[in-house]
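K.L.:
Could you work out the structure for the sequence below:
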Amino acid sequence: MKALITLGSFFLIFVLAIPVNANANDELKQYFNSVASKVKATENADEKREILNESFQSLSNALNKILSSVLLSADDLVGIESFKATLQEKQNELEGINGYQYVQDAQLNSFADYVVQDMEQASALWTILVVVLIVLIVLLII
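P.N.:
Down below sits the predicted model:
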């Protein structure tokens, strides 16, 4: 009986995982798009930088929580570390450090769009578990 319940549970998890993954990806895209919208709606360049910086920090904090609180497969760890590296590169570029050229004030709107596209592509590599966990943690942080 336990085997049947376990098998049924796994079946339901996998059947329901596809809509959950699609919803998680949509929520992640909404998060990135809302950041870009806030940047574009702001006139002051310092405020634009602050919005971008806070979004990078929120995602970084979410990733750190996932890394410290969840048992992950080697593939998940590689995906998260890769995404963290991409996130750090974007933050370095925004600040003009570690060999990156400083993003000029006039380019902040374009940079926000670029970050949205790049992060959406990077997020497509995650497993269902990682996407769902990150969305939940990011939503809790905001």
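K.L.:
any idea how far residue 46 lies from residue 88?
P.N.:
Distance of residue 46 to residue 88, computed by C-beta to C-beta, to the nearest Å: 21 Å. Heads up, the C-betas are built off the backbone N, CA and C, glycines and all.
K.L.:
Pick out whichever of these two has more residues nearby.
P.N.:
Taking other C-beta atoms under 10 Å, residue 46 and residue 88 do not tie; residue 88 has more neighbours (13 against 10).
K.L.:
does residue 93 really touch residue 99, like I thought?
P.N.:
No: if you go by C-beta atoms under 8 Å, residue 93 and residue 99 don't touch, sitting 9.6 Å apart.
K.L.:
Specify which residue of these two has the higher count of neighbours.
P.N.:
Ranked by neighbour count (other C-beta under 10 Å), residue 93 and residue 99 place residue 93 first, with 18 against 8.
K.L.:
how far away is that one from residue 103?
P.N.:
Separation of residue 93 from residue 103 (C-beta to C-beta): 6 Å.
K.L.:
Please apply the same query to residue 76.
P.N.:
Separation of residue 76 from residue 103 (C-beta to C-beta): 31 Å.
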